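Trainee: The sequence isn't on hand, but the structure is:
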DNA sequence: TGTAGAAGCCTGCATATGCAGATATCGTCG
DNA sequence: CGACGATATCTGCATATGCAGGCTTCTACA
């Protein structure tokens, strides 16, 4: 029984997951002095850009299960960086927004984010980074669902 | 104080992490009937390709912390798919290899892996998939360290 | 030979991820 | 108004991820 080439050499999942780990490591290390993980930083940035979003809508935007998002918000709510308040019109949903502390934490952490971004850009070069970003955007678009 | 564009629109981490989640979801669903996650499938494939590897060496190859790999192996050892035996020459290391059951599980799961791979290829097209793989390989190479 | 430093692995802690299933609420249709 | 299906969120379970710190073993050097 032959199965062809060894998966590791052709597998897209292996590549994107390795890249995700490596990139996350870099961002996490740069953000650590500011007390945020890359996940948490991303959530705060999303909430600054679009406050009042529900958990379900934000989860979809983040390509993340709603239960995952629900739990990722826990540490941020505990630290009073994010507020999730019930909606008057629809008792099922919780609408999310940054607190003043959340805005401040995000502002501070932007320094670390820039450092991480620069780290990547320096290693890849502008051209390769552009190619990577485009390929990822394309894949995310076509794999949406 | 101006920080320029909102990170979410320029952030490489956001892209690669979203793509990783989406791709992992696809592979995990296809592999679920065979009782393996995409992480576990990847580890079995690596051990088939290069048996006798140590935890540290495999962790580096997987762009993964050694402690993470150590724990990821736990369920596979518990199910007797992977064997980690001490080395005579160096008492510190554990050398990893597939058991007969591990080989069999990997063989069965290859059907699911192909389905996931085909799913991605159908959605992206051969050209885009090639571009993505190349960009990821390039990034992994330049971000090695 | 004995000891200091390095190397490899592990445990404890915290967060990240998703599925199955439970609960509460909403909207609709009779 | 009441029941039913759809929607939004949450809990329980299992795995995934990495850092700090600890233990054991090896290596090199005095």
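Mentor: Received it, and whenever you're ready, just let me know what you need. Everything numeric in this text was worked out from a predicted model, so none of it was measured.
Trainee: From now on I want contacts and neighbour counts done on CA atoms only, so please keep to that.
Mentor: Noted.
Trainee: Neighbours of residue A:15, how many?
Mentor: 22 (other CA atoms under 10 Å in any protein chain shown).
Trainee: Can you tell me, leaving aside adjacent residues, what's nearest to it?
Mentor: Of all residues not flanking residue A:15 in the chain, residue B:136 sits nearest, at 6.3 Å (CA to CA, 6 or more residues apart in numbering or on different chains).
Trainee: what does residue A:30 give?
Mentor: Using CA to CA, 6+ apart and skipping the chain neighbours, the partner closest in space to residue A:30 is residue A:112 (5.0 Å).
Trainee: Let's see the pLDDT reported for the one you found.
Mentor: Per-residue pLDDT puts residue A:112 at 97.
Trainee: Count the residues that sit near it.
Mentor: Neighbour tally, residue A:112, other CA under 10 Å: 20.
Trainee: Next: residue A:48.
Mentor: The number of residues packed near residue A:48 is 18, by other CA under 10 Å.
Trainee: For chain A, which residues are neighbours of DNA strand D?
Mentor: Contact residues, chain A versus DNA strand D (CA under 7 Å from any atom of the strand): A:17, A:21-22, A:24-25, A:28-29, A:54-57, A:66-67, A:70-71, A:92-95.
Trainee: just the buried members of these?
Mentor: By neighbour count, with 16 or more other CA atoms under 10 Å in any protein chain shown, the residues of chain A next to DNA strand D hold A:17, A:21-22, A:24-25, A:28-29, A:54-56, A:66, A:93-94 as buried.
Trainee: rewinding a little: in contact with the residue nearest to residue A:30, which residues?
Mentor: By CA atoms under 8 Å, 6 or more residues apart in numbering or on different chains, residue A:112 lies in contact with A:27, A:30, A:31, A:33, A:34.
Trainee: So what does it look like in phi/psi?
Mentor: Dihedral angles of residue A:112 (phi, psi; degrees, to the nearest 10) stand at phi -70, psi -40.
Trainee: Next, work out how far apart it and DNA strand D are.
Mentor: Counting by CA to the nearest atom of the strand, to the nearest Å, the separation of residue A:112 from DNA strand D is 15 Å.
Trainee: Over to residue A:11?
Mentor: 15 Å.
Trainee: Quick check: that residue touching residue B:118?
Mentor: No - between residue A:11 and residue B:118 there is no contact under CA atoms under 8 Å: 10.7 Å.
Trainee: So for those two, which residue has more residues nearby?
Mentor: With neighbours defined as other CA under 10 Å, residue A:11 and residue B:118 compare such that residue A:11 has more, 16 against 13.
Trainee: Give the buried residues for stretch A:83-90.
Mentor: Neighbour-count burial for stretch A:83-90, counted by 16+ other CA under 10 Å, picks out A:83, A:84.
Trainee: Can you check the pLDDT for the residue nearest to residue A:15?
Mentor: Looking at residue B:136, its pLDDT is 96.
Trainee: counting contacts, what elements does the helix or strand hosting it pack onto?
Mentor: Using DSSP states H and E, residue B:136 falls within helix B:126-142. Applying 3 or more CA pairs under 8 Å, 6 or more residues apart in numbering or on different chains; DSSP states H and E, we find helix B:126-142 packed against helix A:12-31, helix A:100-124, helix A:126-142.
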